[in-house]
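Participant: Okay, here's the prediction I keep looking at, along with the sequence it came from:
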Amino acid sequence: MQIYKVGGAVRDRLLGKPVTDIDWVVVGATTEEMLAKGYRPVGSDFPVFLHPKSGEEYALARTERKSGRGYGGFTFHASPEVTLEEDLIRRDLTINAMAEDDQQNLTDPYHGQRDLEARLLRHVSPAFAEDPLRVLRVARFAARYAGLGFTVAPETLELMRQLSDSGELEALTAERSWKEISRALMEDQPQVFIEVLRACDALKVLMPEVDALFGVPQPEAHHPEIDTGVHTLSVLEQAALYKQPLTVRWACLLHDLGKGLTPKEEWPRHIAHEHTGLKLIKAVNERFKAPKDCQELALLVGQYHTHGHRALELKPSTLLELLQSFDVYRRPQRFEEFIAACEMDARGRKGLEQRSYPQADYLRGAANAARGVAVQPLLEKGFKGPELGEAIKRERLKALKAYKEAASA
């Protein structure tokens, strides 16, 4: 029995990056031997065991063969005869197909170290094209390591393109897709994830609503970058720079989908794109079964982001409606995330990345003014039921009028 550290732990150590998760491969062992040493079995598809002390996962060396469509369409074979090289060749990228023994001796049959030095994301073997999930994984690695200068090898991008054209991407489950998408959006350069998906034709399969934004012009006065797709990437880039949470990054990606529906004869204007985009945002949310908080914020940002930009001009009654829509009294954090998404939208424009965004503090002040209305005096006046609701609304409107007057003074 020989045990090797494999995959990301080896890659990140060689890159000088922190190693968090460690994967282990066991060569030359049987299930019975693992059980005899106290390992606990967990894998249903192939033999994976938990170490009796550390709890880390140890997998028996295995080979795999394509047997159906999609990510799960594989049969696996694990036995003591499977070599380390045979186990490594089934992996996606050369930089993930290296192994180390306990003395840090490197096994690198597919030249992963060379590709690390060349900053290339390259597939290990033609079998790469059998697993559609790898399109998303490679795009995610591109987003993670873009800051180090990594790019996707042209021949790998071609295989990704073949996968995109094959219909295999449609076989991915919503859960597997969302896991990769959500992780990619939280990388340092999530816009690269979208760029790579677009470069291999996967974006038009997975998110045709986002793909449709590229080539759609906007008024140059507000959008010096002009192209709506380019703007969307810039907004996502800003969201990462400002360390925004996943909810905000998802909303940033989807906020302008309505512009993809604007008839060409109306370009570069996009009248009511906030409302036309809602059905598209809803469709993307449902396709990937995004978490509820991500879905809700994406829809609210899509509908109200122009309200955010025009906050200082809004009538107190419109401001009150906006606050009510977000339920700022019970869910203040969601309104904070809306403000953040609006600010990222304002900064995601060529040459305007450092612009100030006074609307943010103004909206926070408005929310505080509305929240400051005391309910107890109204109860003491005898208001109850629907009448109480109307009385609270009147008082909040009064508070917002006073707030707007004070802010304008």
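Facilitator: Structure received.
Participant: Which parts of the stretch 1-150 of the chain are strands?
Facilitator: 2-6, 23-27, 40-41, 48-50, 57-60, 62-66, 74-78, 99-100, 106-107, 120-121 (DSSP state E, counting those that start in this stretch).
Participant: helices and strands of this structure: which one bottoms out on pLDDT?
Facilitator: Counting by mean pLDDT, DSSP states H and E, the weakest-scoring helix or strand in the chain turns out to be strand 74-78, with a mean of 68.
Participant: tell me, how many neighbours does the closest residue to R91 other than its chain neighbours end up with?
Facilitator: The shortest distance from R91 to any residue other than its chain neighbours is 4.3 Å, reached at A97 (Cβ to Cβ, 6 or more residues apart in numbering). Yep, even glycine has a C-beta here, placed from its N, CA and C like the rest. A97: 28 surrounding residues under other Cβ atoms under 10 Å.
Participant: thinking again about what came up before, a markdown table please, covering the strands of the stretch 1-150 of the chain and showing mean neighbour count and distance to R269.
Facilitator: Shown next, in a markdown table, are the strands of the stretch 1-150 of the chain (neighbours: other Cβ atoms under 10 Å; distance: least, Cβ to Cβ, whole Å):
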| stretch | mean neighbour count | distance to R269 |
| --- | --- | --- |
| strand 2-6 | 19 | 54 |
| strand 23-27 | 20 | 52 |
| strand 40-41 | 12 | 62 |
| strand 48-50 | 20 | 56 |
| strand 57-60 | 20 | 55 |
| strand 62-66 | 16 | 49 |
| strand 74-78 | 16 | 50 |
| strand 99-100 | 22 | 57 |
| strand 106-107 | 15 | 58 |
| strand 120-121 | 22 | 40 |
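Participant: Does the residue nearest to R91 touch Y110 like I think?
Facilitator: Yes: between A97 and Y110 a contact is recorded at 4.9 Å, counting by Cβ atoms under 8 Å.
Participant: between these two, what contacts are shared?
Facilitator: Listed contacts common to A97 and Y110 are L88, I89, V124; contacts here mean Cβ atoms under 8 Å, 6 or more residues apart in numbering.
Participant: ok, the first one to V6 distance?
Facilitator: L88 sits at a distance of 7 Å from V6 (criterion: Cβ to Cβ, to the nearest Å).
Participant: Could you tell me the per-residue confidence at the residue nearest to the spatial centre of the chain?
Facilitator: Geometric centre of the chain, nearest residue: L185, 2.7 Å, by Cα atoms, centre = their mean. The confidence metric pLDDT takes the value 98 at L185.
Participant: Provide a list of residues in contact with the residue lying closest to it once chain neighbours are set aside.
Facilitator: Once flanking residues are discounted, L185 sits nearest to R249: 4.5 Å by Cβ to Cβ, 6+ apart. By Cβ under 8 Å, 6+ apart, R249 lies in contact with L185, M186, P190, L236, A239, A240.
Participant: returning to that earlier point: now, which of the shared contacts of A97 and Y110 lie within helices?
Facilitator: Within the shared contacts of A97 and Y110, residues falling in helices by DSSP state H are L88.
Participant: Does L299 touch N285 like I think?
Facilitator: Yes: with contacts defined as Cβ under 8 Å, L299 counts as touching N285 at a distance of 7.4 Å.
Participant: domain ranges for this protein?
Facilitator: 1-110, 372-408 (automatic domain parsing).
Participant: Let me know the pLDDT of the residue nearest to R91.
Facilitator: 96.
Participant: same question, the one 10 residues further on
Facilitator: The predicted local distance difference test score for T107 is 97.
Participant: In this structure it contacts A99, no?
Facilitator: Yes: if you go by Cβ under 8 Å, T107 and A99 touch, sitting 4.4 Å apart.
Participant: just to revisit the earlier point, need the winner for burial among the domains of the chain.
Facilitator: Counting by mean count of other Cβ atoms under 10 Å, domain 1-110 has the highest mean neighbour count of the domains of the chain, with a mean of 16.
Participant: so how far is the first residue of that one from its last?
Facilitator: Domain 1-110 has an end-to-end distance of 23 Å (Cα to Cα, to the nearest Å).
Participant: Relative to the whole chain's centre, how far out is it?
Facilitator: Computed by Cα atoms, centre = their mean, to the nearest Å, the chain-centroid distance of domain 1-110 equals 27 Å.
Participant: Over to stretch 128-142?
Facilitator: That offset, for stretch 128-142, works out to 15 Å (Cα atoms, centre = their mean).
Participant: Just give me how far stretch 115-130 sits from the chain centre.
Facilitator: On Cα atoms, centre = their mean, the centre of stretch 115-130 falls 23 Å from the chain's centre.
Participant: V192 falls within a helix, correct?
Facilitator: Yes: assessed by DSSP: H, G, I helix; E, B strand; the rest coil, V192 belongs to a helix.
Participant: what about the helices in the stretch 151-300 of the chain?
Facilitator: 154-166, 174-185, 190-199, 203-206, 208-211, 228-241, 246-254, 273-276, 278-287, 292-309 (DSSP state H, counting those that start in this stretch).
Participant: of those helices, which approaches V328 most closely?
Facilitator: Distance to V328, taken as Cβ to Cβ, is lowest for helix 292-309 among those, at 11.4 Å.
Participant: got the angle for the closest one vs helix 246-254?
Facilitator: Going by axes from the mean of the first three to the mean of the last three Cα atoms, to 10 degrees, helix 292-309 is angled at 60 degrees with respect to helix 246-254.
Participant: in terms of contact, does H305 touch E274 like I think?
Facilitator: Yes: between H305 and E274 there is a contact at 6.9 Å, judged by Cβ under 8 Å.
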